[in-house]
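Chemist: Make a model of this:
(one chain, ligands or ions: 1)
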Amino acid sequence: MSKQTILVVGSINMDQVVDVPHLPAIGETLLGADSLKLIPGGKGANQAVASARLGGRVAMAGRVGSDPFGQQLLQALRNDGIDTELVAIDPDAASGVAFIFLVAGDNAIVVASGANAQVGKDAEQYTQIKQALQQASALVLQMEIPLETVCDLINVAHQAEVMTVLNLAPACKLPDTILRRLSVLVVNESEASLLSGQKIENLAEAHDVARHLHTSGIPIVVITLGSRGPSWQQPISKVRFKPSIKPPPKYRLLIRRLPETALWERSQ
Ligand SMILES: OC[C@H]1O[C@H](O)[C@H](O)[C@@H]1O
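Modeler: Below you'll find the model as predicted:
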């Protein structure tokens, strides 16, 4: 692995997507769209594909099952030029699957983690991942693999002085000592609320929360506004990519390329 490689350690899922008129209630059988769409996904694989499509050299580390989904997911990553040497085929667990209900542009997701829940638990594969990390230019993580693996990798990257980007999704509370070791934290409004304990109902409150997280020691905090962006009082385009402080050179390209970035702060 070269020094220029972005190492993504995370989930790889086959997304099973269906359009529905509303979310089903307990006990309800709901007729959705006629056909199911199968789309390679998983928050980790999505990060890897996005990084590769933005021009990065990317290696993915994770686990898939020995089922047909596993092969399709590996092929999808390779089709985007992603190095899959560190994706193991789990002999015992099924490939991760996400059930995604689309309701008028919004979605509700249920994930069956399968092999993703074993990332970090196979000693041989985990040693290889940590060796690769020593050589990487950046580590990219999310929360669809075991929490202890995420925390351990953040510590290893910190020691190796490798920049770490964490998308805290699905949201959970992380110890401050771990948060302070991140280079970039990416959250949506509800994740930011959970983490900070502060409500976010408008852009000013989002700025406050970003500042609060930043002053607690995270160099860059990005709060994405997603599809709700245009409904904020200030149009997203006015705040997008418009930092209040000049970013350090090593972050500049990253910031420019982040889609739907609402706001960010950096260390003085
Ligand atoms: O954020 C969307 C992703 O989350 C879930 O993990 C799905 O697999 C989907 O690809």
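Chemist: What residues are bridge-paired with whichever residue of the stretch 1-150 of the chain sits closest to the ligand?
Modeler: Residue nearest to the ligand within the stretch 1-150 of the chain: residue 41 (2.5 Å; CB to the nearest ligand atom). In short, each C-beta sits where N, CA and C put it, glycine included. Beta-bridge partners for residue 41, by DSSP bridges, are residue 13.
Chemist: measure it to residue 12 for me?
Modeler: Distance, residue 41 to residue 12, using CB to CB, to the nearest Å: 8 Å.
Chemist: Which of those two has more residues huddled nearby?
Modeler: The neighbour comparison of residue 41 against residue 12 (other CB atoms under 10 Å) goes to residue 12, with 35 against 24.
Chemist: Tell me which residues of the strand or helix carrying residue 207 come out buried.
Modeler: Using DSSP states H and E, the element containing residue 207 is helix 203-215. Across helix 203-215, burial judged by 16 or more other CB atoms under 10 Å covers 203, 206-207, 209-210, 212-214.
Chemist: Return the closest of those residues with respect to the ligand.
Modeler: Closest to the ligand out of the buried residues of helix 203-215 is residue 206 (19.8 Å), distances taken as CB to the nearest ligand atom.
Chemist: ok, back up a step: which is the next helix or strand following the helix holding residue 207?
Modeler: Per DSSP H and E, the first helix or strand lying C-terminal to helix 203-215 is strand 220-224.
Chemist: Does residue 41 touch residue 16 like I think?
Modeler: No - if you go by CB atoms under 8 Å, residue 41 and residue 16 don't touch, sitting 9.5 Å apart.
Chemist: Next, format the buried residues of helix 203-215 as a markdown table and append pLDDT.
Modeler: Below are the buried residues of helix 203-215 laid out as a markdown table (pLDDT from 0 to 100):
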| residue | pLDDT |
| --- | --- |
| 203 | 76 |
| 206 | 81 |
| 207 | 80 |
| 209 | 85 |
| 210 | 83 |
| 212 | 83 |
| 213 | 85 |
| 214 | 81 |
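Chemist: Count residues in the vicinity of residue 161, would you?
Modeler: Close neighbours of residue 161, defined as other CB under 10 Å, add up to 7.
Chemist: Over to it: give its phi and psi.
Modeler: phi 60, psi 40 (degrees, to the nearest 10).
Chemist: Could you do the one 4 residues further on as well?
Modeler: The phi/psi pair for residue 165 (degrees, to the nearest 10) reads phi -110, psi 120.
Chemist: Against residue 26, how distant is the residue nearest to it when sequence neighbours are not counted?
Modeler: Among residues not flanking residue 165 along the chain, residue 184 sits closest, at 4.3 Å (CB to CB, 6 or more residues apart in numbering). Look at residue 184 and residue 26: by CB to CB, they are 39 Å apart.
Chemist: pretty sure residue 179 is touching residue 218, no?
Modeler: Yes - counting by CB under 8 Å, residue 218 is a contact partner of residue 179 at 5.7 Å.
Chemist: Apart from its neighbours in sequence, what residue is nearest residue 43?
Modeler: residue 142 (4.1 Å).
Chemist: And for that neighbour, the neighbour number?
Modeler: When neighbours are defined as other CB under 10 Å, residue 142 has 22 of them.
Chemist: which residues does it contact?
Modeler: 10-11, 43-44, 47, 166-169 (CB atoms under 8 Å, 6 or more residues apart in numbering).
Chemist: could the residues you listed go into JSON lines alongside secondary structure, pLDDT and distance to residue 61?
Modeler: Formatted as JSON lines, the contacts of residue 142 follow (DSSP: H, G, I helix; E, B strand; the rest coil; pLDDT from 0 to 100; distance: CB to CB, whole Å):
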{"residue": "10", "secondary structure": "coil", "pLDDT": "98", "distance to residue 61": "8"}
{"residue": "11", "secondary structure": "coil", "pLDDT": "98", "distance to residue 61": "11"}
{"residue": "43", "secondary structure": "helix", "pLDDT": "96", "distance to residue 61": "14"}
{"residue": "44", "secondary structure": "helix", "pLDDT": "97", "distance to residue 61": "8"}
{"residue": "47", "secondary structure": "helix", "pLDDT": "95", "distance to residue 61": "12"}
{"residue": "166", "secondary structure": "strand", "pLDDT": "96", "distance to residue 61": "15"}
{"residue": "167", "secondary structure": "strand", "pLDDT": "95", "distance to residue 61": "16"}
{"residue": "168", "secondary structure": "coil", "pLDDT": "95", "distance to residue 61": "19"}
{"residue": "169", "secondary structure": "coil", "pLDDT": "94", "distance to residue 61": "18"}
